[in-house]
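J.: With the input below, show me the fold.
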Amino acid sequence: MKKDSQPKKKVTAKSLMQIDYKDPVSLYKYIADGGKIVPSRISKLKISQQRLVNYAVKKSRNLGLLPIGMGHFDNMSKIEQVNPVVFEV
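T.: Numbers count the residues shown, from 1 in each chain. Model prediction:
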């Protein structure tokens, strides 16, 4: 007898999404113009990936890496990246 179910797909490194709360540049594509987090039906993410995005955005907002209010999103294109090199005096 032939089974109608399809074989399970293997999980590869390309399919795993790396989301980091310390990288606000990559998180801006999951934030709408008004400052709200984009829902999964628009961003086309899986539920587990959407939870990771929500957690990362909220954590980076609490740390001050992302702006919170609507007034801050007029200069979204002017993102300043922090240099990881230690500051010297």
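J.: Name the single longest helix found in this protein.
T.: Counting by DSSP state H, the longest helix found in the chain is helix 47-63.
J.: Remind me what that helix packs against, helices and strands.
T.: helix 24-27, helix 40-43 (3 or more C-beta pairs under 8 Å, 6 or more residues apart in numbering; DSSP states H and E). Quick note: C-beta positions are derived from backbone N, CA and C, even for glycine.
J.: among those, where is the model least confident on average?
T.: Least confident of the helices and strands packed on helix 47-63, judged by mean pLDDT, is helix 24-27 with a mean of 87.
J.: quick one: buried residues of that one?
T.: For helix 24-27, the neighbour count (16 or more other C-beta atoms under 10 Å) marks 24, 27 as buried.
J.: Output the longest helix of the chain as CSV, restricted to C-alpha atoms.
T.: Taking C-alpha atoms only, helix 47-63 is exported to CSV below (Å, rounded to 0.1, in the frame of the first residue of the first chain):
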residue,chain,number,x,y,z
ILE,A,47,4.6,30.9,14.6
SER,A,48,7.9,30.0,16.3
GLN,A,49,9.8,32.5,14.2
GLN,A,50,7.2,35.2,14.9
ARG,A,51,7.6,34.6,18.6
LEU,A,52,11.4,35.0,18.3
VAL,A,53,10.9,38.3,16.4
ASN,A,54,8.4,39.6,19.0
TYR,A,55,10.7,38.7,21.8
ALA,A,56,13.7,40.3,20.1
VAL,A,57,11.9,43.5,19.2
LYS,A,58,10.5,43.9,22.7
LYS,A,59,13.9,43.2,24.3
SER,A,60,15.7,45.7,22.1
ARG,A,61,13.0,48.3,22.8
ASN,A,62,13.5,47.9,26.6
LEU,A,63,17.3,48.2,26.2
